[in-house]
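A.B. asks: I would like to see how this sequence folds:
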Amino acid sequence: MAGTPTKKLFTAEIKMMKEKGQELPQHVFETSGSEAAPTPTSKGVSNAQLLSAILDLQIIMRKNNQASAEPAAAPVAAPEPSDASPETTQLEQDFEAATALKNEIRALSRSIQETKSEIRSMQGGTQGGDQVLKASHELDAVVQATEDATNIILESTEKIDELAAKLQNNADNEDDRGAADEIMEITIKMIEACNFQDLTGQRITKVVSALKYVEDRINAMIEIWGEEDISEVDASVADETDGDKNLLNGPAMGDEGIAQDDIDALFD
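C.D. replies: Residues are numbered from 1 along each chain as shown. This next block holds a predicted model:
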């Protein structure tokens, strides 16, 4: 019956036992089969064991050298912390938007104030009241004056034409009849030239319509802001009708002129 197999110790285990002063088992120095038993040294370690330990040490040193020769892996850079959190960035954007909106509101307020001042200038800041309305009335007066003058010219031309026809019929010689014919031709040209009144009247009427449209828009803005608010605004345009400029107003309007009764009253 075969004996209990003995555990074969490794070189490292033998070395550790020696360092601790432990006694080595007897089978360490025994041989099995035809193997020759290793010759122990003076300290109980054979040459074969010593050679094996040296080889193991060389392998360990070679591995350490290879590990030290390999470049070390570059450390992973930690992500840089963000300067500001998303909440802070959103607050900054909201603040910038609010500042821009505030500036726009201020600019709009200044524009409204300037518009009020300009409306005040047209509405009653100068002598004569509403300038837009006054301009419309002046243009209406121009159309009416040219129309009246044209009617007078046409009536006079027709009378001249009638007189020229009588002269032609009563002429005793060719010279008188030729002169009458020439007068009649001139009257025809005068009648044709009076067509200017229709063209200018139509154009001036368009301008008057545009001015009335502007006047309606101004009155609408006055109603929105309030007439009292407009009246408190200083006019931006000063009245420049001083001195001789007051004399350059042209003929008075029909309802603005001095009545003949007022003139007669001065002499009573």
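
A.B. asks: Domain-wise, how is the chain divided?
C.D. replies: When the chain is parsed with automatic domain parsing, its domains come out as 10-27+45-59, 126-232.

A.B. asks: wait, which of those is closest to E118?
C.D. replies: domain 126-232 (9.4 Å; C-beta to C-beta). C-beta here means a position set from N, CA and C on the backbone, and glycine is covered the same way.

A.B. asks: Comparing the domains of the chain, which yields the minimum mean pLDDT?
C.D. replies: For the domains of the chain, mean pLDDT drops lowest on domain 10-27+45-59, to a mean of 71.

A.B. asks: Wait, a helix at Q113?
C.D. replies: Yes: assessed with DSSP: H, G, I helix; E, B strand; the rest coil, Q113 lies in a helix.

A.B. asks: Check the gap between it and R217 for me.
C.D. replies: Distance of Q113 to R217, computed by C-beta to C-beta, to the nearest Å: 18 Å.

A.B. asks: G21 now?
C.D. replies: To R217, G21 is 117 Å away according to C-beta to C-beta.

A.B. asks: out of the two, which sits in the busier spot?
C.D. replies: Neighbour count, other C-beta atoms under 10 Å: between G21 and R217, R217 has more, with 11 against 6.

A.B. asks: For L211, see how far away that one is.
C.D. replies: 11 Å.

A.B. asks: before we move on, what about N64?
C.D. replies: In terms of C-beta to C-beta, N64 sits 104 Å off from L211.

A.B. asks: got it, and R120?
C.D. replies: Counting by C-beta to C-beta, the gap from R120 to L211 is 18 Å.

A.B. asks: could you pull out the helices for the stretch 101-250 of the chain?
C.D. replies: Under the criterion DSSP state H, counting those that start in this stretch, the stretch 101-250 of the chain contains helices at 131-170, 174-193, 196-225, 227-231.

A.B. asks: would you list those helices in a markdown table and tack on distance to L55?
C.D. replies: Output for the helices of the stretch 101-250 of the chain, formatted as a markdown table (distance: least, C-beta to C-beta, whole Å):
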| stretch | distance to L55 |
| --- | --- |
| helix 131-170 | 116 |
| helix 174-193 | 135 |
| helix 196-225 | 106 |
| helix 227-231 | 109 |
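
A.B. asks: Mind checking these for the one nearest to Q49?
C.D. replies: The minimum distance between Q49 and the helices of the stretch 101-250 of the chain falls on helix 196-225, with 113.0 Å, by C-beta to C-beta.

A.B. asks: Before I go, just wanted to say thanks for your time.
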